[in-house]
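Peer 1: Let me see the structure of the following:
(one chain, ligands or ions: 2)
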Amino acid sequence: MNDGELRELISEQEIAKRVAELGQEISDHYGDEPVVIIGVLKGAFIFMADLVRNLRFSPIVEFVRLSSYGDGVTSAGKVRFHLDIETRIEDKHVLVVEDIVDTGRSMVYLREVLLLRKPKSYKLCSFLDKHERREVDVRVDFAGFKVNQGFVLGYGLDHAEKFRELKGVYVLEK
Ligand code: IMP
Ligand code: MG
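Peer 2: Ligands and ions are numbered 1, 2, ... in the order given. Next up, the predicted model:
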């Protein structure tokens, strides 16, 4: 694949502006309460890094690793849990940070697993919300951008493990 098949959807500047706004919104929401922020690897690693630097509080940072897609561009419909957090979340505020919510299956799965541990609150922040493709009931509490159908990559999001390093978000044109 060459760059000719990638079309820019969201620029680096637009992302920086929106992530700063999200940092404000999230900071206003939690105030001085302690928050455990759980990034979903691998896709959310860049968004998470930018987001935490826009918060006015100091979160506990954790990661989980889920996988729902193979190397293709369509969902396999199966979710696997590969890596767990190290912090106890009972009675703590939990904010999950995801790259993109598509069918919603991964986030339903993660929510079920984490709610069993009885956090004080549970919210979801996703850089992208592909709301038109939702198949299960998942609300994104803090969304960066809404995107429509089409496979997107860059800013952490991959296609077959590539293009995560791109500073903007691109749509893959066939
Ligand atoms: P869901 O379980 O269908 O909501 O799938 C969510 C996961 O699939 C995301 O965390 C991404 O890792 C991946 N995914 C969904 N859509 C895209 C896309 O357009 N580009 C890259 N990854 C995607
Ligand atoms: Mg993901």
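Peer 1: Residues of this protein that sit close to ligand 2?
Peer 2: Contact residues (CB under 5 Å from the ion) of the chain with ligand 2: 40, 43, 99. Where C-beta positions appear, they are placed from N, C-alpha and C, glycine not excepted.
Peer 1: The last one touches residue 41, doesn't it?
Peer 2: Going back to what we said before, that points to residue 99. No: if you go by CB atoms under 8 Å, residue 99 and residue 41 don't touch, sitting 9.6 Å apart.
Peer 1: re the thing from before, okay, and which of the residues of the chain next to ligand 2 map to helices?
Peer 2: Taking DSSP state H, every one of the residues of the chain next to ligand 2 sits outside helices.
Peer 1: closest to residue 108 among those residues?
Peer 2: residue 40 (13.0 Å; CB to CB).
Peer 1: Low-confidence ranges, the chain, go.
Peer 2: 1-4, 68-77 (pLDDT under 70).
Peer 1: Could you count how many residues lie near the residue of the chain at minimum distance from ligand 2?
Peer 2: With CB to the ion, the shortest gap between the chain and ligand 2 falls at residue 43, namely 3.5 Å. Neighbour count for residue 43, taken as other CB atoms under 10 Å: 25.
Peer 1: Can you pull the phi/psi pair for it?
Peer 2: phi -50, psi -30 (degrees, to the nearest 10).
Peer 1: How many neighbouring residues does the nearest residue to residue 109 once chain neighbours are set aside have?
Peer 2: Leaving aside its sequence neighbours, residue 109 sits nearest to residue 79 (CB to CB, 6 or more residues apart in numbering; 4.3 Å). Residues lying near residue 79 (other CB under 10 Å) number 17.
Peer 1: Same check on residue 31?
Peer 2: 9.
Peer 1: Would you check how far apart it and ligand 1 are?
Peer 2: Residue 31 sits 29 Å away from ligand 1 when distances are taken as CB to the nearest ligand atom, to the nearest Å.
Peer 1: need the contact list for that residue.
Peer 2: residue 57 (CB atoms under 8 Å, 6 or more residues apart in numbering).
Peer 1: one more time with 10 Å, if that's ok
Peer 2: 56-57 (CB atoms under 10 Å, 6 or more residues apart in numbering).
Peer 1: again with residue 46
Peer 2: Contacts of residue 46 (CB under 10 Å, 6+ apart): 15, 19, 39, 99, 127, 154-157, 164-167.
Peer 1: so of those, which ones are in strands?
Peer 2: Within the contacts of residue 46, residues falling in strands by DSSP state E are 39, 99, 127.
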